[in-house]
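Participant: return atomic coordinates for the entry below.
(2 chains)
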Amino acid sequence: MIAEALAGTRIAITGCTGFVGTALVERLLRCVPDCELVLLVRPGKRHSAAERVRREILKNDAFDRLRAQLAGSAEPFEQMAARRITTVAGDVTGDMLGLDQHDRTILAGCDIVIHSAAAVSFDSPLDTAVEINLMGPVRIAETLRALGVTPHLVAVSTCYVAGNRRGRAPEELVSAGPFDIGLSWRAEVAAARRLRADLEDRSRTPERLHGFRTEAREELGAAGTPALAAKTEQIREKWVDHELVEAGRARAASVGWPDAYAFTKALGEQALTETKGDVPVSIVRPSIIESAVAEPHPGWIRGFRMAEPVILSYARGLLSEFPGVPEGTVDVIPVDLVVAAIIAVAALGPQRAPFITQVASGSTNPLHYGTLVDNVREWFTQHPLYDAKGQPIDVPQFRFPGRGRVQGQLHRAQTAITRSERFLQKLPLRGKQAEWSARLEEKRLDIDRALQYVELYGLYTECEAIYAVDNLLTIWDGMDDHDRATFCIDPRVVDWPRYIRETHLPSVVKHGRVRTAPGKSTSESRPTRLRRQILEPSRHVAAFDLENTLIASNVVESYSWLATRRLNQADKVRYTLRTLREAPSLLALDRRDRSDFLRFFYQRYEDAPVEQIATDARELFSQLILTKSFPAGIRRVRAHRAAGHRTVLITGAMDFVVEPLRPLFDEIIAAEMTVRPDGTYSGQLTGVPPTGETRAQILADYCDAEGLRLDESVAYADSTSDLPLLEAVGFPVAVNPETRLAAIARKRGWLVEHWAKSPGAPRPLLPLAPTRSRTAGRP
Amino acid sequence: MPRPGFVLDVDRSTPPTLFWRGEGFSLEKLPADRSRVIYPAEPLPAIDDVDGAIRHALLHPVDSDPLPALLFPGMKLTIAFDDVSLPLPKMRKPDIRQRVIEAVLDLAAEAGVDDVHIIAALALHRRMHEFELRHAVGDRVYDAFAPRGLLYQHDAEDPAGLAFLGATPQGEEVEINKRAAESDLLVYVNINLVAMDGGWKSTATGLASYRSLRHHHNPATMQASRSFMDQHRSELHKSNWRMGKVMRDHGPKVFQIETTLNTDTFPKGFEFLSRREWEWTMRDRASYLGVKKSLDRTPAKLARKIFHSIEAPHQMTSVQAGEVEAVHRITTEHVFAQQLVEVRGQTDILTMGIPYISPYNVHSILNPILVMCMGLGYYFNMYRGMPLVREGGVVIMTHPCPPDFHPVHHPSYIDFYEQVLSETTDPVRMSTEFEERFATDDWYRHLYRTSYAYHGVHPFYMWYWGSHGLQHVARTIIVGGDPKTVRRLGFTPASTLDDALEIASDVVGRSATITHLHTPPLMVADVS
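Facilitator: From the prediction side, this is the model:
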């Protein structure tokens, strides 16, 4: 009688925001009405531990069933949960689990501690995996010892601690079995920590830092120092983590485990055994945990597990080959069986519970790889996913090649795509063309992901161990009918084909947020939604860049137009030749630094009469600016005004060039030149031209001065040099983005607009003005 | 003696008929025994001594004192002239307006008048480019007046530049150019290409503001104008004439000078465009083939440029001056003498080839809205008596109809196409729901006043222009048009004329009669 055995107990649980943890909390609350729970939760960056319990655990749909049961009763769900759950803020990677004095007393008052916190991700950096999976159990045992208490510690581990082996894997410590190679867990912990320190050092060598900076610049372009610095640091940190992931994988493989997760878990079991002292310990080892077969409801799953990404990649037609043999066993176990087993072990108590209980299906009710694949294929043939155009996706015939071949293919594709991506990024592409590159990047991410699956899960398919479940079945045999109905732990009850088709796949598809209906989506598309959001009346400011955002022109063109307005034909030819000769060096300067370029270039306006420029600028507006404008862009500016937003133009162009655009904007921030007493321009700018990161500052200052909010503002720009501006606002919009910005916008889910010149616009070959007649009237 | 226009019944031996398709054309075989083609009259002979005729008209005006008698030193004299929308295509230099204005200026100089303003009467049209002004008035007049700011363009949105003269008994407000209104004499220099032009429409429309124009440029008036070419059955003209009365009572003295042109439309090398197909010579056939082949290979933009550089050999057939209404009566007679073609009975299907040009896209693009306006606004209305096509019939146009717009000339058209036509093609609904917003928009106003844009409300007017046609015909089909654009206009796309006739048979049956309007050159069908 499990519920009775646990009645009146206080159970502490770690890892309850995870898949198993959530199910465990739910089952205990629902099926063991008289126990109390102490949840040890790590406070998040934004939310406290208690808040995380409320948001991340109790709001999960696992609790729907219990909530419905209690609705209208004397004690509804929320009250019941408040009465029975105590949350303590803690962290298994900290000394004394990071508990304060008060919380330590609470922990000390617990009868049972269930430790299910783990770094389950297969690509955790080695040191993270070590701190959580290996040192986690040790710290719990140490904390309990320090508190002088001996509650029953039930530690959740994994069957895969057995390592890469063929044949029977019994329910015993690996270190106690015949394959032990005598590893010292202490040495591994020290090595992992040292490695982190080493890599931190190595990542700071001048060569590496230079490399990271180059990489950041390649990705962002001339985005300004602050943005580049942030990116460089991010790349460095990523590099260190990546090296640690690789190190973990290599170390695990070298000593016979599929990955760092299984490796650290195995050492964790060993370490726990050595350090537990008087604390009675039971270990529960599930195999691959998948969606629930029945409890709390069939198909319940939390987060994306091992097999789902692979299954969805296959259903999307991305993956047609996966290493493995059809007759091989995939050891899958539904989560509700795992949770029931943990509770059953806890209920038996330290004396009667087996030291190690494996919860797996391979030995009693094996699911063969071939069966899995056939059922998946059949199901997706009947229930296809749909592509973006609403067409059903045909699932490929699955083949079972060796791992090496699949990896080889993927590696080749990855190399080819990475190369074309680099090449495309170097081309001056914009708008729709830049999308190619974004599409390529998406393809590359798909391949990266597929490669990861193959590398990681492929290892598991090679692991052909059969996990013995003798202890589990002994517990099952000792259970009465009531317990068997409430806490089913028997892997033999699962009807695999039915489970796959009726329970698991529908759940995977539901959680995968994929298209399951034909035809175009009737719901609002993402761009439409974003467009609606940016035009909501609650927005404050809409800031626009000019060149390539509202018009397809640049400062050189407007200068050329103005400069040739009063030249005769022969001088125009000379001007053109001179400018063409200078073009490469101007372009190079522009790429290096926008402000330097503008300062250098604007010197050409030296001696230009202010009045004449003003006259000619009006004609320039009609003949060049409007001709090259994007009507949809101008419509958007006007839509913002109509919605009551302030509109701001921030441009490196000269003020007299953009003056005719004034009716569109509340504020125009442009480059300005000093005027000499004789009424000519000096060629010197009055201040720093508004480019790059200064634009973000200008907009921030404007908002400050006007009492408006940046996070309620919209910014439109076309290039990564405007990244600081785009990042500063709440609603960034990339307009005709060049390749790099297109990639960034795509990654961050920004709205991307493709605005074009009017198809009928005249397209002069060179931006030269028709010569103004000396007797021209009022322009 | 030029031959009059006539109606050809198509039989098996009739050669294929020329259809304009924007910046191109095709030869189409019309079904025998149920089709007819209306050909315009050949160009009437021109007046040999143009300058003499002008001077004669100024010295011997109709119902008015001679011009010299109206001129005196110290007076304010304003000369207004028709803008770039007339004539089509633009005429070879010297433009008739230049000759008339020079004659008027000579008389003014003789009389010692030194306060002279010359104003382009462009209503809500775009401002003219310098080269267009020079073409219309000539370099001499331009160089003498423009640099001193005495030659300029009417600004219907300049609050300080308008004068309110009063309202008609129907409540129609008359507001015109202030300088013109306050002048001792307003001389209006007109070109009457079609019967719709001239009369009080010159001043009451050409020099007016939106406040004034909205009283007759609206769906109700347009639908009640049967047709624009028949002044006595045109609500548009009745309104202008009522406003004319207000001007006569409260406005400046108007001295109207009207001219008519013959239909000599196409220069050497393009004559085949005005010839009857069975009379094509070997040379005509060769130039047709040559022009067509090279046009097929020319990008649209270049083809547009080539066509808009065509200058017509138009010649003056009459000039009369004096009191507005009396002058206009004579003018209309001259226009009809050139353009009327007698036609018996209506047709089930009216076909028309839409050319590259309309009054609103000189040196620009015939955008989709102007295609609609040309078809259902202009060609549909080229009748006197009753419409060529019966009520519930079908109109078939040929035009490529790309979604191309000139960003400088037609900015509000672009937004009209995207924001209004995507919601409705009903003139009444758009006039109540959208017109006001476009008409009073600051940005469009800015572009109209300082750049070269048509007024914000102009695309609405173009759409209203076709509102009688829209109401009258059951279906409009555009052959060879971009399907998406054609559907946006609310019309049916078809790839060939045969397909279009097949589609039309759903509405008018399989043995429907077909009439093709073989224009340009211009004509007006006198339907009995």
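Participant: could you chop the chain up by domain?
Facilitator: All of this is about chain A. Domain assignment for chain A by automatic domain parsing gives A:1-183+A:255-287+A:331-363+A:468-489, A:294-330+A:368-465+A:493-521, A:530-753.
Participant: wait, I meant chain B there
Facilitator: Chain B is divided into the following domains under automatic domain parsing: B:6-39+B:344-527, B:50-261.
Participant: among the domains of chain A, which is nearest chain B?
Facilitator: Nearest to chain B among the domains of chain A is domain A:530-753; the distance by C-beta to the nearest C-beta comes to 4.3 Å. Just so you know, the C-beta spots here come from the backbone N, C-alpha and C atoms, and that holds for glycine as well.
Participant: the closest one - what's its average pLDDT?
Facilitator: In this model, domain A:530-753 carries a mean pLDDT of 88.
Participant: what about that domain, how long is it end to end?
Facilitator: End-to-end distance for domain A:530-753: 11 Å, by C-alpha to C-alpha, to the nearest Å.
Participant: for A:E207, which of the domains of chain A is the nearest?
Facilitator: Distances from A:E207 to each of the domains of chain A were compared by C-beta to C-beta, and the smallest falls on domain A:294-330+A:368-465+A:493-521, at 20.4 Å.
Participant: residues making contact with the helix or strand hosting B:D526?
Facilitator: Under the criterion DSSP states H and E, the helix or strand holding B:D526 is strand B:524-527. For strand B:524-527, the surrounding residues in contact (C-beta atoms under 8 Å, 6 or more residues apart in numbering or on different chains) are B:38, B:194-195, B:229, B:336, B:339-346, B:382-388, B:517.
Participant: out of those residues, list just those in helices.
Facilitator: B:F336, B:Q339 (DSSP state H).
Participant: how about the residues of chain A near chain B?
Facilitator: Applying the criterion C-beta under 8 Å from any C-beta of the partner chain, the portion of chain A that neighbours chain B consists of A:618, A:621-623, A:626-627, A:629, A:631-632, A:634-635, A:638, A:660, A:663-664, A:757-763, A:773, A:775-778.
Participant: so which residue of the stretch 401-528 of chain B comes closest to chain A?
Facilitator: Across the stretch 401-528 of chain B, the shortest distance to chain A (C-beta to the nearest C-beta) belongs to B:D404, at 3.2 Å.
Participant: three-state assignment of that residue?
Facilitator: Secondary structure of B:D404, reduced to three states by DSSP: H, G, I helix; E, B strand; the rest coil: coil.
Participant: surely it and B:I365 touch.
Facilitator: Yes: with contact taken as C-beta atoms under 8 Å, B:D404 and B:I365 are classed as touching, separated by 5.2 Å.
Participant: identify the residues contacting whichever residue of the stretch 101-250 of chain A sits closest to chain B.
Facilitator: At 29.3 Å from chain B, A:G221 is the closest residue in the stretch 101-250 of chain A, using C-beta to the nearest C-beta. When contacts are counted by C-beta under 8 Å, 6+ apart, A:G221 is found next to A:S719, A:T720, A:S721, A:E738, A:R740, A:L741.
Participant: tell me where the model's unsure across the stretch 351-500 of chain A.
Facilitator: Confidence mapping of the stretch 351-500 of chain A against pLDDT under 70 gives the ranges A:387-390, A:398-407, A:409-410, A:413, A:417, A:421-447, A:449-463.
Participant: so which residues of it form strands?
Facilitator: Secondary structure of the stretch 351-500 of chain A by DSSP state E, counting those that start in this stretch: the strands cover A:356-359, A:465-467.
Participant: picking that back up, JSON lines please, covering the domains of chain A and showing distance to B:V7 and mean neighbour count.
Facilitator: Putting the domains of chain A into JSON lines (distance: least, C-beta to C-beta, whole Å; neighbours: other C-beta atoms under 10 Å in any protein chain shown) gives the following:
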{"stretch": "domain A:1-183+A:255-287+A:331-363+A:468-489", "distance to B:V7": "79", "mean neighbour count": "20"}
{"stretch": "domain A:294-330+A:368-465+A:493-521", "distance to B:V7": "51", "mean neighbour count": "17"}
{"stretch": "domain A:530-753", "distance to B:V7": "44", "mean neighbour count": "19"}
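Participant: what's the closest of these to B:T496?
Facilitator: domain A:294-330+A:368-465+A:493-521 (30.1 Å).
Participant: out of the domains of chain B, which is closest to B:P299?
Facilitator: Proximity to B:P299, assessed across the domains of chain B by C-beta to C-beta, is greatest for domain B:6-39+B:344-527 (10.0 Å).
Participant: what about that closest one, start to end distance?
Facilitator: End-to-end distance of domain B:6-39+B:344-527 (C-alpha to C-alpha): 12 Å.
Participant: gap between that domain and the chain center?
Facilitator: With C-alpha atoms, centre = their mean, to the nearest Å as the basis, the distance from the averaged C-alpha position of domain B:6-39+B:344-527 to the chain average is 14 Å.
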